[in-house]
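> got a predicted structure here, sequence first:
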Amino acid sequence: MSSLFNKILEKENLNKEDLICLLNAKDNDRKLLFEKSAEIKQKYVGNKVYFRGLIEYSNICYKNCLYCGIRAGNKDLIHYTLSDEEVINAAKFAFENNYGSVVLQSGEIESSAFTEKIDKLIWEIKKLSDSKLGLTLSLGEQSEETYKQWFKSGAHRYLLRIETSNQELYSKIHPHNSKHSFEKRLVALNTLKRLGFQAGTGVMIGLPFQTIENLAEDLLFMKEFDIDMCGMGPYIEHKQTPLYEFRDKLLPLNERFDLSLKMIAVLRIVMKDINIASTTALQAIDPIGREKAIKIGANIIMPNITPGNNRDNYLLYENKPCTDEEVEDCKTCLEARLHFAGAEIGYGEWGDSKHFANKKD
Ligand code: SAH
Ligand code: SF4
């Protein structure tokens, strides 16, 4: 079987059946897949891993995604929003420690007050770093005007996961109303791209009702949309969410983890020069999960730099790691782990998507 598998690995354009075959790889084929993706990573994006200090700005969200722990309907949540000073201090920490970039992430709020507040924070972050800190936003669906304003103020990357590219599955994991429309999400992604952001998307892996075919289609979606960056990771159930009801339908955690690694590896083969994040949810399942993903294709890590006392309240899913640690601990332990994984840290560099630059050339 391995020679057929090798043929697929050498193909220029992979179709859905090929992708399904790669995602189903076992034993020696699985090893071949990871060797190939690691080789492509080295060749096209190199050995460097770039840091994006993650600031979880607020757990207040107007939406009600059926999988998410900070959904509006979770009444057990203690709400918080970081003060300007807390955000600025976190960004200062990132700058002083040569992290290169920060990501501002939050529950989704659409209001002019929110737009202005974020705008002010973008300016402050640019000011404190003399425009040297790169800035990614992950603040959900917003109007074109809002995106435009934030881009003009200095944010240059945006992460908005499609969650699943299958509309039917999308409707199973979201409420059915205009706030949670698949079309709107697509429009938002297209707008971000058109405005000039480096656009990132991603999916959750191992969702209830999700098939391998769905995941293969997700990879084709990313290729067709021509994304610059990807952040994807395992779905992890959360007790205080409606989707918890379907926990018996889930793959065991270790299989969800393995499938996530394979998704990263196959995406690296399909989109050779994009930035791929090794997401925190991988670490929630395996203590060295992120490092494993770095070895086989990912090149971005998002160390959490949210002030410690708020991290417990930004639980998108259960078992979120490092919620009880201080920022410094995370930095030190990450350094050691990445060194162990044989990667070099691109300190002080933006590490922008090569794909984005190559498209422009
Ligand atoms: N509100 C913004 C950003 C915060 S949520 C948005 O939705 O885009 C960031 C990501 O967390 C989501 O895109 C989703 O993919 C992920 N997430 C939420 N709940 C999760 C869960 N239970 N397991 C794994 N990932 C989850
Ligand atoms: Fe809100 Fe994002 Fe969670 Fe959906 S995934 S409930 S938009 S924070």
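The structure has been received and is ready for your questions. Ligands and ions are numbered 1, 2, ... in the order given.
> any idea of the mean pLDDT for the helix or strand hosting residue 20?
Assigned by DSSP states H and E, residue 20 falls within helix 16-23. The average pLDDT for helix 16-23 rounds to 98.
> check stretch 42-57 too.
Mean per-residue pLDDT for stretch 42-57: 96.
> just to revisit the earlier point, so for the helix holding residue 20, what gets flagged as buried?
18-23 (16 or more other Cβ atoms under 10 Å). The way it works is simple: take the backbone N, C-alpha and C, and place the C-beta from them, glycine included.
> and for stretch 353-361?
Under 16+ other Cβ under 10 Å, the buried positions of stretch 353-361 are 353-356.
> and the angle from the helix or strand just after the helix holding residue 20 to helix 16-23?
Going down the chain from helix 16-23, the next helix or strand is helix 27-44, by DSSP H and E. Relative orientation of helix 27-44 versus helix 16-23 (axes from the mean of the first three to the mean of the last three Cα atoms, to 10 degrees): 100 degrees.
> hmm, the helix or strand following helix 27-44 in reach of ligand 2?
In the C-terminal direction, the helix or strand that comes right after helix 27-44 (DSSP H and E) is strand 48-58. No. Strand 48-58 stays clear of ligand 2 (Cβ under 6 Å from any ligand atom), getting no nearer than 9.5 Å.
> which stretches in the stretch 151-300 of the chain count as strands?
157-159, 198-201, 204-205, 229-234, 275-278, 300-301 (DSSP state E, counting those that start in this stretch).
> how about those in JSON lines, adding mean pLDDT and mean neighbour count?
Output for the strands of the stretch 151-300 of the chain, formatted as JSON lines (pLDDT from 0 to 100; neighbours: other Cβ atoms under 10 Å):
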{"stretch": "strand 157-159", "mean pLDDT": "98", "mean neighbour count": "26"}
{"stretch": "strand 198-201", "mean pLDDT": "98", "mean neighbour count": "25"}
{"stretch": "strand 204-205", "mean pLDDT": "98", "mean neighbour count": "26"}
{"stretch": "strand 229-234", "mean pLDDT": "98", "mean neighbour count": "27"}
{"stretch": "strand 275-278", "mean pLDDT": "98", "mean neighbour count": "27"}
{"stretch": "strand 300-301", "mean pLDDT": "96", "mean neighbour count": "27"}
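> is residue 247 in contact with residue 237, as I believe?
Yes. At 5.0 Å, residue 247 and residue 237 qualify as touching, with contact defined as Cβ atoms under 8 Å.
> quick one, which of the two is more surrounded?
Per other Cβ atoms under 10 Å, whichever of residue 247 and residue 237 has more neighbours is residue 237, with 20 against 11.
> how close does that one sit to residue 263?
Look at residue 237 and residue 263: by Cβ to Cβ, to the nearest Å, they are 19 Å apart.
> tell me the residues of this structure that contact ligand 1?
61, 67-68, 105, 107-108, 138, 140, 160-161, 163, 204, 235-236, 238, 281, 316-317.
> center of the protein, which residue is that?
The chain has residue 231 as the residue nearest its centroid, 2.5 Å off, counting by Cα atoms, centre = their mean.
> and stretch 270-281, does that touch ligand 2?
No. For stretch 270-281, no contact with ligand 2 is found by Cβ under 6 Å from any ligand atom; the gap never falls below 12.3 Å.
> and that stretch, C-alpha only, in CSV?
C-alpha atoms of stretch 270-281 as CSV (Å, rounded to 0.1, in the frame of the first residue of the first chain):
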residue,chain,number,x,y,z
VAL,A,270,-1.2,21.5,0.2
MET,A,271,-0.2,25.1,1.0
LYS,A,272,3.5,25.1,1.4
ASP,A,273,4.3,28.7,2.3
ILE,A,274,1.5,29.8,4.6
ASN,A,275,1.8,30.3,8.3
ILE,A,276,0.3,27.5,10.4
ALA,A,277,-0.3,28.0,14.1
SER,A,278,0.3,25.3,16.6
THR,A,279,-2.8,26.0,18.7
THR,A,280,-3.2,25.8,22.5
ALA,A,281,-6.0,23.2,22.2
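> nothing else from me, thank you.
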